[in-house]
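**Q** When you get a sec, could you give me coordinates for this:
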Amino acid sequence: MEDVEMHKAAVAFFFGVYNFVRRHDTLKTTPAVAAGVELKRWGLEDVIEMKDAYLRRKEEVEFEAAFEALKR
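**A** As a prediction, the model looks like this:
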């Protein structure tokens, strides 16, 4: 992964954890739950599972594109 892509991934991970996982003392919950975006607080396990599923789909799309290019 190149530096810019790694930076984008790190920032997205930070904002995801900050808004969906981390309990804020002033809100007594996460910002996402307080805003009504989500019903319950996520665990880090949820974030990792979503990341894995995203990367798996991305790899499948790249594989399919490469396979289609070989068929031409």
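
**Q** what about V21, how many residues close to it?
**A** 16 (other Cβ atoms under 10 Å). No exception for glycine: its C-beta is placed from N, CA and C like everyone else's.

**Q** Tell me where the model's unsure across this structure.
**A** 1 (pLDDT under 70).

**Q** Strands of that one, residue ranges please.
**A** For the chain, strands defined by DSSP state E do not occur.

**Q** Just give me the longest helix of it.
**A** What stands out as the longest helix in the chain, according to DSSP state H, is helix 44-71.

**Q** So what's the gap between that helix and the chain middle?
**A** 13 Å (Cα atoms, centre = their mean, to the nearest Å).

**Q** For that helix, name the packing helices and strands.
**A** Applying 3 or more Cβ pairs under 8 Å, 6 or more residues apart in numbering; DSSP states H and E, one finds that helix 44-71 makes contact with helix 3-16.

**Q** the inter-axis angle of the helix it packs on versus helix 44-71?
**A** Angle, helix 3-16 to helix 44-71, by axes from the mean of the first three to the mean of the last three Cα atoms, to 10 degrees: 150 degrees.

**Q** Buried residues of helix 3-16, list them for me.
**A** Burial within helix 3-16, assessed by neighbour count using 16 or more other Cβ atoms under 10 Å, is assigned to G16.

**Q** center of the chain - which residue?
**A** The chain has K51 as the residue nearest its centroid, 4.8 Å off, counting by Cα atoms, centre = their mean.
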